[in-house]
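> A predicted structure for the sequence below; I have some questions about it.
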Amino acid sequence: MPLQLVLLIPFLRLGQWLFSGHAQAFSGTQTLLAQIEAAPWHAMLEMGGLFTHGLLAWLVIAVPGLALITVVLTPLMHKVTKLAATN
């Protein structure tokens, strides 16, 4: 999905910031591609922590975001349902 690819870098950077000093530094896509081309398995092991921290950063954003969307949209959807039932 295009949006997932666009958000990959910000979440990797957020994960790096949240867990500073615990993962390999992320210096950009060119370095990542060069590491993957040189030694795929080694790069996967080294980047595992980085991607795990990116996933945890996504969870830090997604859980409160989902709660906020639920709180905002539930009353709105109830109103829409009532309007549809009356018509």
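Happy to help now that I have it.
> since we're on the closest residue to residue 55 other than its chain neighbours, how many residues are nearby?
Leaving out its chain neighbours, the residue that sits closest to residue 55 by CB to CB, 6 or more residues apart in numbering is residue 15, at 7.4 Å. C-beta: built from backbone N, CA, C; applies to glycine. As a burial measure, residue 15 scores 25 neighbours (other CB atoms under 10 Å).
> for residue 58, same thing?
Neighbours of residue 58 under the rule other CB under 10 Å: 18.
> quick one on the thing from earlier: just name whatever secondary elements the helix or strand where the residue nearest to residue 55 lies is in contact with.
Residue 15 belongs to helix 2-18 when assigned by DSSP states H and E. On a contact count with 3 or more CB pairs under 8 Å, 6 or more residues apart in numbering; DSSP states H and E, helix 2-18 meets helix 40-86.
> gap between the helix it packs on and the chain center?
How far helix 40-86 lies from its chain's middle: 9 Å, per CA atoms, centre = their mean, to the nearest Å.
> Make sure residue 58 is actually in contact with residue 11.
Yes - with contact defined as CB atoms under 8 Å, residue 58 counts as touching residue 11 (5.1 Å).
> thought residue 51 was touching residue 12?
Yes - in this structure residue 51 lies within contact range of residue 12 using CB under 8 Å: 7.3 Å.
> who's in contact with residue 19?
53, 56 (CB atoms under 8 Å, 6 or more residues apart in numbering).
> can you rerun that using 6 Å?
Residues near residue 19 by CB atoms under 6 Å, 6 or more residues apart in numbering: residue 53.
> ok, and what's touching the lowest-mean-pLDDT helix or strand in the chain?
Ranked by mean pLDDT, DSSP states H and E, the helix or strand of the chain with the weakest confidence is helix 29-38, at a mean of 76. With CB under 6 Å, 6+ apart as the test, helix 29-38 has contacts from residue 43.
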